[in-house]
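Asks: A structural model of the following input is requested.
(2 chains, ligands or ions: 2)
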Amino acid sequence: MGDWWREFPEMDRETLVALRKALDGGYREFSRSYGAEIEAFFDPLLYFLVWFEKLLLATPWWLVIIVLCGFAWMASRSWKIILGTVIAFLLIGWFGMWEDTMRTMSIIIVCTLIAIALGVPIGILMARSGRTQAVVTPVLDVMQTMPAFVYLIPVVMLLGIGKVPGVIAVVIYAIPPVIRLTNLGIRLVDRDVMEAADSFGASPWQRLVRVQVPLAMPTIMAGINQTIMMALAMVVIASMIGVKGLGQPVLKSITNQYFTLGLLNGLAIVALAIVFDRISQAYGRRMQAYRERLEG
Amino acid sequence: MAGVCRPTANGWKVEPVIELSGLYKIFGSDPAGLLPRVRDEGVGKDDLLDRYNGVLGLRDINLSIPARTIQVVMGLSGSGKSTLIRHINRLIDPTAGQVVVDGEDVMALSKAQLRDFRCRKIAMVFQRFALMPHRTVSQNVAFGLEIQRFDKAEIARRVSYWVERVGLGGNGDQYPNQLSGGMQQRVGLARALATDADILLMDEAFSALDPLIRRDMQGMLLDLQAELKKTIVFITHDLDEALRVGDDIVILRDGAVVQQGNAQDIVLRPADDYIADFVQDINLGKVIRLASIMRPMTAGLTGPALDGSMLLADAVRFFAAADADTALVTGEAGRVVGAITARDVMGAMVRG
Ligand SMILES: Nc1ncnc2c1ncn2[C@@H]1O[C@H](COP(=O)(O)OP(=O)(O)O)[C@@H](O)[C@H]1O
Ligand SMILES: [Mg+2]
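Replies: Numbering: from 1, shown residues only, chains lettered A, B, ... in the order given. Ligands and ions are numbered 1, 2, ... in the order given. Next up, the predicted model:
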């Protein structure tokens, strides 16, 4: 103990081991006693995931492309984006990655929907109170900087390997942007306009749905766009805990040094990312059409 | 015409609809603590800021605004005009004092009652329009009606009426960004009028507009008022505007009332140098009326009859065209109350 100025006076080894054991043991105990209940809680999600994946896999490829183009058209009204979508999916199919792409797409879509369903209300609560913002912001910071592998561990300990833990991990990783930008978008709504709404006797709820959310929508869309991109970036890591899709061939390529296989699947992820990005961005832009002045 | 037809002058007994009494507003971290300094020790706005780090918004405002008149509140930027008007619909809570509207103590209302009160009784028009950029002109005008949950058909009916009425008939489906400032404020006015509220608060509603457009809007407001007879609190920092639209004018300085009266009172008898500065460039011919400069009637005097409410500028035009240079001034019911000469009129139009 006399050496504390030369060596860092660290906690002694036994205590550290004991601490780790106690925490790990406690958590293991917790997952052993409640794991089943928690799994049961997520069962509906699991059924939905399985059903949605089956739906995408069972739908004929041309119908999937048509439906996607339908969404792309509604969101963007742009022939360029439609054309790009068609080409991207034809190439994916041609190179034999259709099924994995459908699996990845199903998980990404579900994760994005969950992130929106949780993230937008959280963002709204943050915008309403400075205290909530002060609590949530550091949590988001941790979620965004903590290496994904680290929070995979407790998720896997609790729920094992499979789709549900994969979705949870992806949502944890991808949800911060939608929360942050919902909060920001609502805080940026013009104070004058809010005062006008108040002066007409709008209730907090009327203000929210008629003024704040519509005006924050372009910013919220930017958050959703980032969330989709981050969810796609998690595909490979999620495949390590048993999420099927484009991530697994990539993982296989790393262990077996199949460069081309890895590259093709990687490019498929990129193609998905670009398609989703362009569609959601075009939608965000279209929602701001009212900001443009008429010529003349 | 503004200025003469004050209901009280006509002898009607009118209950004031808006009554502000003993109103103080102090901004800062400890308004209640600073109140005695301002109220009892008479600390002024500058001192309050320097010594106590508080901003004096309003000091002892006592104001009764009768129904169906246009009350102008005038003052330089920072004099407390916006603060005052926001007390009427309680967008701002006073530090001390009372706000009574239509016999109802606004400070005693619950949250729900306050919303109801704002919906039904009071509508507001804003300096920077405060339109909702994501809504079309029609949807903006519909806003207050949607808040009150009118049915769709009623909303559509009122919206199309008011959009038409403010002269935006062809613009219903455009977004505010596509309109000029003047047109945007017409939307703001239509939005406020559509709810049929009896009280209209206008916070420098025309200040952001070009002078010509501003005159147009003032004209439109006066036309509408002639028909609708609302109780309007109209804020401006522009004396010409105040004199043109105001039945009664209150002048604020550093949060306190320095003078109250109609256009002639203000122009002919400015209460202090601050107001004298304001009025020195005013065209008196457009403010002063015959009744206030006429001479007593002397027996045997004859001539054409002019109404006592005629502006001096109009009287000059009359004398220039007529061959008389003396006229009789008439009051209520055409009764002769005095006489005036062309020379009197011209003399009164230049400041002595
Ligand atoms: N929310 C606020 N916090 C602090 N000071 C304020 C606030 N609102 C207004 N003030 C101050 O109160 C005074 C009156 O402001 P305001 O009513 O906006 O004046 P006007 O509308 O006549 O220009 C100004 O000195 C202004 O700085
Ligand atoms: Mg102001």
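
Asks: what residues are up against the residue nearest to B:V163 when sequence neighbours are not counted?
Replies: In space, B:V163 comes closest to B:G172 once its chain neighbours are excluded; the distance is 5.2 Å by C-beta to C-beta, 6 or more residues apart in numbering or on different chains. From N, CA and C alone the C-beta is placed, and that goes for glycine too. Counting by C-beta atoms under 8 Å, 6 or more residues apart in numbering or on different chains, B:G172 touches B:136-138, B:159-160, B:163.

Asks: got CSV for those, with secondary structure and pLDDT too?
Replies: Formatted as CSV, the contacts of B:G172 follow (DSSP: H, G, I helix; E, B strand; the rest coil; pLDDT from 0 to 100):
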residue, secondary structure, pLDDT
B:T136, coil, 95
B:V137, helix, 97
B:S138, helix, 97
B:V159, helix, 97
B:S160, helix, 96
B:V163, helix, 97
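
Asks: of the residues you listed, closest to ligand 1?
Replies: Nearest to ligand 1 among those: B:V137, at 27.2 Å, using C-beta to the nearest ligand atom.

Asks: next up, the contacts around the closest one.
Replies: B:V137 neighbours (C-beta under 8 Å, 6+ apart): B:163, B:168, B:171-176, B:179, B:187.

Asks: quick one, strands of the stretch 101-250 of chain B?
Replies: In the stretch 101-250 of chain B, the strands defined using DSSP state E, counting those that start in this stretch lie at B:104-105, B:122-125, B:199-203, B:231-236, B:248-253.

Asks: what subset of the contacts of B:G172 is buried?
Replies: B:136-138, B:159, B:163 (16 or more other C-beta atoms under 10 Å in any protein chain shown).

Asks: closest to chain A out of those residues?
Replies: Proximity of these to chain A (C-beta to the nearest C-beta) peaks at B:T136, which lies at 8.2 Å.

Asks: ignoring the adjacent residues along the chain, who's closest to the closest one?
Replies: Nearest one to B:T136, counting by C-beta to C-beta, 6+ apart, is B:D173 at 5.2 Å.

Asks: surely that neighbour and B:N140 touch.
Replies: No. Assessed by C-beta atoms under 8 Å, B:D173 is found out of contact with B:N140, at 11.4 Å.

Asks: how much space between the residue nearest to B:T136 and A:Q248?
Replies: Distance, B:D173 to A:Q248, using C-beta to C-beta, to the nearest Å: 52 Å.

Asks: secondary structure class for B:T298?
Replies: coil (DSSP: H, G, I helix; E, B strand; the rest coil).

Asks: quick one: pLDDT of it?
Replies: Per-residue pLDDT puts B:T298 at 83.

Asks: residues touching it, list them.
Replies: B:T298 neighbours (C-beta under 8 Å, 6+ apart): B:A339.

Asks: swap the cut-off to 10 Å and go again
Replies: B:338-339 (C-beta atoms under 10 Å, 6 or more residues apart in numbering or on different chains).

Asks: same check, this time on the one 5 residues further on
Replies: The contact partners of B:G303, by C-beta under 10 Å, 6+ apart, come to B:322, B:324-329, B:339-341.

Asks: again, but for B:L193
Replies: B:123, B:125, B:141, B:144, B:158, B:161-162, B:165-166, B:200, B:224, B:228, B:230.

Asks: what do you get for B:Q98?
Replies: Counted by C-beta under 10 Å, 6+ apart, B:Q98 has contacts B:19-23, B:62, B:87, B:105-108.

Asks: swap in B:G33?
Replies: Applying C-beta under 10 Å, 6+ apart, the residues near B:G33 are B:26, B:52, B:54.

Asks: can you pull out the helices in the chain?
Replies: All of this is about chain A. Using DSSP state H, the helices of chain A run over A:13-58, A:61-76, A:79-94, A:98-128, A:130-145, A:148-159, A:163-187, A:191-199, A:204-207, A:213-233, A:235-239, A:247-256, A:259-286.

Asks: could you do chain B instead?
Replies: Taking DSSP H to define them, one finds helices in chain B at B:31-39, B:45-52, B:81-88, B:111-121, B:137-147, B:152-165, B:181-193, B:211-228, B:239-245, B:263-268, B:273-279, B:312-321, B:342-349.

Asks: closest to B:I70 out of the ones you listed?
Replies: For the helices of chain B, the distance to B:I70 is smallest for helix B:239-245, at 5.4 Å, taking C-beta to C-beta.

Asks: so what's the residue in the stretch 201-350 of chain B that chain A sits nearest to up against?
Replies: Per C-beta to the nearest C-beta, the residue of the stretch 201-350 of chain B with the smallest distance to chain A is B:L201, at 7.8 Å. By C-beta under 10 Å, 6+ apart, the residues touching B:L201 are A:199, B:18, B:85-86, B:88-89, B:91, B:122-126, B:192, B:231-235.

Asks: for the closest residue to A:F200 other than its chain neighbours, what are its contacts?
Replies: Nearest residue to A:F200, sequence neighbours excluded (C-beta to C-beta, 6+ apart): B:G144, at 4.2 Å. Applying C-beta under 10 Å, 6+ apart, one finds that B:G144 lies in contact with A:196-197, A:199-202, B:118-120, B:123-124, B:150, B:155, B:158, B:191-197.
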